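[1] Give me the fold of what follows.
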Amino acid sequence: MRITRSGIHGFHEVLGVDVDEIRFYWAIESDDKDAAQVAYRIQLTTDRKAFESETPSPLTWDSGRVESDEQRNIVCKPTDGFQSTCSYFWRVTVWDSHRSYHGPISHFFTAYPRSRLLPPYSMNQTYMPHSSPIFRTWFEDEPNRWKAVWIGDGGDKPIYLRKSFELPQSPTRAILFASGLGHFNMTVNGQPASDHRLDPGWTNYHRRVQFTSYDVTPHLSAGENVLGAHVGNGFYAGDQGDDRFFWPMYEDNTYVRYGNELCFFSELHLFFADGTRQTLISDPSWRVRKSATTLANIYASETHDRRLYPTNWDAPGFDDTTWTPAKPLTGPRGHIYYQTQPPVVLHETFHPTKQYTPTPGTVCFDLSQNASTMVQIVLEGAAGSEVIVRYSETVDDNGTVLMPDPLFKQFETGVFSRIFLAGTGHPEVWEPDFSFTSARYIQVEGVSLPNSPNPNNHPIIHSAIGRHISSAARRLGTMQTDKADINALLSALYWTFNSNLFSYHTDCPQIEKFGWLEVTHLLAPATQYIRDMESLYTKILDDILHAQEPNGLVPTMAPEIRYMCGPLHDTISWGCAICFLPDILLRYYGSTHVIPKVYPAAARYMEYMRTKERKGGLIEHGLGDWGRNIAFGNNQANIETAIYYRCLQCMEMMATELGLIPDAEKYNQWAQRIYDVYNQHLLAPPPANLTHPTKKAHYTSPSPQTSLHQPLHTALSQIDAIPQALALQFALVPPPHIPSIQSTFLSTITANPQIQAGEVSLRYLFNTLGDLHRPDLVLEMIRQEEHPSYMRFLRRGETTLCEFWQDECRSKCHDMLGTVYEWFYARVLGVRPVGNAWRRFVVEPLYEGEFGRVEGTVECPYGGVEVRFWRDGGRKGRVRVKVPFGTRAVVKLPSSVGEDSDGGKEAEVVREGPEGGEKWVVTGESVELGHGVYNLFMSL
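    Numbers count the residues shown, from 1 in each chain. Okay, the predicted model is just below:
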């Protein structure tokens with residue numbers, strides 16, 4: 001048995017842990033088919049050498065031997081909490097029935113678990129009366145409080161900050177805590193402190209400010225060392241500039257800044273071989289000057305003057321005598337928390353597949369793939385030469401940037417970066433410091449290509465590339481089929497999803513960049529096949545808690561940068577994320593760490609929703625099925641009430657987890673009331689006259705209004721299938737009527753196989769067709785010639801999804817319609833979890849249909865799942881499955897497998913192993929397999 005991966009739930013990086021309760025997890029591999037974990041032990045210490053003996057001592061915390069096969073959600077809560085700014089080392093030991101196995105020694109570093117504020121600069125000075133009772137609390141627990149102060153130059157334009165210091169010797173460990181608002185880039189001796197971009201994550205800075213942490217030990221040495229910070233605006237102090245687009249200032253809804261002074265703080269914790277330690281903090285001894293980036297508008301609009309760039313400003317030996325001392329600042333109002341979500345980093349690089357000159361002095365580049373990007377260009381020209389860089393997802397007939405939506409033409413003209421060259425005589429590299437966008441096309445104005453006519457002596461552009469920027473969340477899944485059009489759609493879905501994950505789940509990386517909440521839960525089942533979202537969802541829940549209003553309302557976005565009104569502010573299909581995400585974290589990651597802090601806020605939201613009930617329990621306000629017919633609300637009562645019902649079930653789960661049994665019973669009864677009201681008003685026998693066909697999910701039953709023999713199909717073309725899908729997916733149909741509702745649903749879809757759904761109901765539409773084993777209808781829907789159709793996007797040359805079912809959309813990297821990605825993995829590849837954290841999962845490839853080969857991988861919490869299905873010619877099929885340790889796979893057999901004498905279904909199973917492994921024959925609906933690699937041979 002080998003422990004291959006371990007960590008702490010809810011933390012992507014662990015160099016600033018600032019809580020007093022954590023939860024461990026680990027994954028195991030074993031070649032022994034009969035191996036099973038029967039017990040575990042976790043030991044925690046501040047001395048790594050303690051693990052050099054078989055009985056480590058001293059220990060900070062010890063779980064003792066626990067007889068359990070659990071590998072996740074293991075609570076660690078030391079009696080006195082964790083020490084501040086301290087290294088902790090932990091190791092898990094597991095037992096099978098024969099012996100014990102040690103995992104690797106893991107490490108985390110704490111910040112200040114019980115301190116959330118930076119003191120004002122004046123309170124850190126010696127002249128303060130520290131003995132005075134009113135100030136004593138700041139200083140009586142010196143080891144456990146922040147020492148650094150916010151600094152800057154008092155302005156709202158980007159700045160450079162530097163601190164030069166001498167070290168008598170190289171440290172054995174150096175941990176740097178830092179934050180700069182809106183965003184900052186950190187360097188040590190001229191080298192990046194990490195690969196992070198856009199640190200820290202966007203939050204409601206009035207409530208929560210994130211700091212990041214870096215291990216900078218390799219960068220420091222004896223002698224002079226320099227810390228450098230480059231700070232820009234972000235959303236904290238958004239800057240439109242004189243001529244640029246800035247969405248929260250669009251129309252009449254004014255954007256209100258969180259703060260008007262860019263600010264920064266840091267603490268560098270140094271540990272030396274002789275046991276001493278030193279802390280360097282941000283204070284007025286730092287030096288500051290304005291940046292060469294004179295405008296940092298997060299909407300891909302920057303101005304950068306290479307003539308103003310102070311070369312080597314963040315390296316030793318630089319003369320900063322002309323710089324001014326940094327000013328101590330009040331800083332933001334929010335409390336300080338560690339950045340738990342994955343950082344934003346650069347991923348793939350897209351090189352142009354085509355370059356052209358539509359007009360003299362303008363060069364355009366086609367990257368062939370639309371994606372969230374930070375561009376990089378290399379230029380060479382005279383000092384003061386001005387170059388303009390524009391970005392676009394669409395081009396016109398001339399190949400120049402185009403915004404197809406006439407309401408957003410300002411985005412076409414007002415989103416650009418302006419660069420002034422230094423004229424060094426060598427190629428100069430420019431890339432944005434504090435902005436990103438979504439783009440396939442790069443348009444550079446005021447330049448010429450090498451070896452091209454250049455009568456105006458424009459600067460030469462040597463190259464332009466797009467660098468995909470997104471969350472560093474671990475990548476989990478891959479999928480391929482033998483159908484080219486499906487593979488193209490899977491690629492478009494993949495790039496759309498990846499391009500919308502940052503420090504929050506955005507709606508699009510191009511125009512809005514907002515944190516709309518519906519995508520967090522609607523797309524979670526699909527996103528689990530792409531990225532490990534546990535720590536990002538943990539952070540998003542914090543955003544939701546800090547956006548919740550005093551009356552309990554959870555608004556539609558978090559952070560809420562732009563105040564919306566009506567259904568754009570109050571819609572349970574969006575606000576329900578506060579209830580759904582804890583359930584998602586439990587189901588997909590086996591973690592309950594967020595429940596204690598979320599439950600009280602979720603309870604207040606339910607009490608708020610109670611005040612909005614109509615007709616005894618219906619919720620009828622909201623956006624309904626947003627995106628259907630562009631943006632018109634529809635099916636409000638069906639959608640909002642079904643989600644309300646599910647929220648109450650999530651509340652019951654959370655109350656049970658917390659041991660609040662009376663609360664759990666309250667929410668159970670509350671949900672039952674909504675169930676009854678839903679059935680009373682929205683689930684009914686088909687009336688003779690369908691005056692409002694989209695409001696009820698119909699069933700047939702003996703009643704005064706109808707007869708079982710009444711021909712239902714006569715009005716099916718008028719009936720909307722969405723209410724039936726919602727009722728079925730939310731288990732709101734009384735069991736006796738499920739067959740009738742399913743029949744009505746299928747008849748409706750068969751009569752009109754088009755996607756009659758917006759973003760909210762889309763997932764439930766596909767999942768219902770999946771439950772009914774009708775992949776043919778899904779494939780027919782997605783391949784329609786006209787909209788609504790996924791394949792129409794691709795036929796028109798799109799490489800990501802558009803915002804709406806339109807040809808010419810304002811946004812062409814919107815993931816809200818991407819729920820079909822879940823259907824492909826769960827119903828075509830056929831891999832879907834049925835137990836928490838994939839402890840049990842189903843493997844059921846699409847045996848019948850057009851696919852001759854489907855293969856894919858999913859890195860689940862317990863390890864790698866691999867599935868490959870292919871036809872061996874004729875009616876023979878083969879499935880290869882890899883099952884991770886600690887999980888069980890239920891492999892469904894095809895319904896058309898040859899019958900044996902007892903009427904069962906038969907397949908040959910081969911477990912891979914030495915000397916050909918094992919073989920046996922199974923009969924039945926399915927076979928359950930433990931960890932290992934298997935091949936199943938069957939007739940189709």
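[2] would you list every one of the helices in the stretch 301-450 of the chain?
    Ranges of helices in the stretch 301-450 of the chain, per DSSP state H, counting those that start in this stretch, are 409-414.
[3] Tell me which residue lies nearest the centroid of this structure.
    L501 (4.5 Å; CA atoms, centre = their mean).
[4] Tell me the confidence at that residue?
    The score at L501 is 98. That number is its pLDDT.
[5] what phi and what psi does the backbone show at it?
    phi -110, psi 110 (degrees, to the nearest 10).
[6] pretty sure it contacts R474?
    No. Applying CB atoms under 8 Å, one finds L501 not in contact with R474, separated by 11.6 Å. Heads up, the C-betas are built off the backbone N, CA and C, glycines and all.
[7] So for the two, which residues contact both of them?
    Taking CB atoms under 8 Å, 6 or more residues apart in numbering as the contact rule, L501 and R474 both touch R531.
[8] who's in contact with the residue lying closest to the residue nearest to the centre of the chain once chain neighbours are set aside?
    Among residues not flanking L501 along the chain, S471 sits closest, at 4.0 Å (CB to CB, 6 or more residues apart in numbering). For S471, the contact set (CB under 8 Å, 6+ apart) comprises 341-345, 501-503, 531, 536.
[9] mind redoing it with 10 Å?
    12, 201, 341-345, 347, 372, 498, 500-505, 531-533, 535-536 (CB atoms under 10 Å, 6 or more residues apart in numbering).
[10] cool, and S392?
    S392 neighbours (CB under 10 Å, 6+ apart): 364, 370, 400-404, 411-412, 415, 437-443, 510, 812.
[11] same thing but 6 Å
    The contact partners of S392, taken as CB atoms under 6 Å, 6 or more residues apart in numbering, are 401, 441.
[12] Could you report the distance from it to A439?
    Distance from S392 to A439, counting by CB to CB, to the nearest Å: 6 Å.
[13] ditto for L618
    44 Å.
[14] the more surrounded of those two?
    A439 (30 against 21; other CB atoms under 10 Å).
[15] From the chain's centroid, how far away is stretch 216-226?
    The chain centre lies 35 Å from the centre of stretch 216-226; the measure is CA atoms, centre = their mean, to the nearest Å.
[16] correction: stretch 378-390
    On CA atoms, centre = their mean, the centre of stretch 378-390 falls 36 Å from that of its chain.
[17] which other residues reach that stretch?
    So stretch 378-390 is contacted by 401, 416-423, 427-429, 443-447, 459-463 (CB under 6 Å, 6+ apart).
[18] now the helices for the stretch 51-200 of the chain?
    Remark: helices assigned in the stretch 51-200 of the chain by DSSP H, counting those that start in this stretch are 133-139.
[19] residue ranges with poor pLDDT in it?
    Across the stretch 51-200 of the chain, the ranges flagged by pLDDT under 70 are 123-140.
[20] Surely G818 is in a strand?
    No. Per DSSP: H, G, I helix; E, B strand; the rest coil, G818 lies outside any strand segment and is coil.
[21] That one - how many residues pack around it?
    G818 has 26 nearby residues by other CB under 10 Å.
[22] Could you do T321 as well?
    Neighbours of T321 (other CB under 10 Å): 6.
[23] For V231, see how far away it is.
    Taking CB to CB as the measure, T321 falls 21 Å from V231.
[24] How about S743?
    62 Å.
[25] out of these two, which sits in the more crowded spot?
    V231 (31 against 16).
[26] Which secondary structure state does the more buried one sit in?
    At V231, secondary structure determined by three-state DSSP is strand.
[27] neighbours around the nearest residue to it once chain neighbours are set aside, how many?
    Spatial nearest neighbour of V231, chain neighbours left out: G180 (4.1 Å); criterion: CB to CB, 6+ apart. Neighbour count of G180, defined by other CB under 10 Å: 29.
[28] Residue for residue, what is the longest strand the protein has?
    strand 362-380 (DSSP state E).
[29] what stretches of the stretch 801-940 of the chain score poorly on pLDDT?
    896-904, 915.
[30] quick one, strands of it?
    Ranges of strands in the stretch 801-940 of the chain, per DSSP state E, counting those that start in this stretch, are 831-833, 840-843, 853-860, 863-871, 876-883, 888-892, 906-911, 918-923, 926-929, 932-939.
[31] Can you say which of those is packed in most?
    strand 831-833 (a mean of 22; mean count of other CB atoms under 10 Å).
[32] where do the strands sit along the stretch 251-400 of the chain?
    Using DSSP E, counting those that start in this stretch, strands in the stretch 251-400 of the chain cover 263-271, 277-281, 287-290, 293-297, 301-305, 324-325, 327-328, 335-338, 344-350, 354-359, 362-380, 386-392.
[33] Out of those strands, which gets nearest to F235?
    strand 293-297 (10.6 Å; CB to CB).
[34] So which other helices or strands are in contact with that closest one?
    Strand 293-297 is packed against strand 301-305, with contacts defined by 3 or more CB pairs under 6 Å, 6 or more residues apart in numbering; DSSP states H and E.
[35] Give the pairing partners of the strand it packs on; include direction for each.
    strand 293-297 (antiparallel), strand 416-420 (parallel) (DSSP bridges).
[36] Single out the most deeply packed of these.
    Of the strands paired with strand 301-305, strand 293-297 is the most buried (mean count of other CB under 10 Å), at a mean of 24.
[37] Pull the distance from that one to the chain's centre.
    Counting by CA atoms, centre = their mean, strand 293-297 comes out at 27 Å from the chain centroid.
[38] Show residues contacting it.
    Contacts of strand 293-297 with the rest of the structure, by CB under 6 Å, 6+ apart, involve 158, 232-233, 239, 241, 244, 302-304, 433-434.
[39] in the stretch 451-600 of the chain, which spans are strands?
    Under DSSP E, counting those that start in this stretch, the stretch 451-600 of the chain gives strands at 460-471, 477-481.
[40] okay, the angle between the first one and strand 362-380?
    So the one you mean is strand 460-471. 90 degrees (axes from the mean of the first three to the mean of the last three CA atoms, to 10 degrees).
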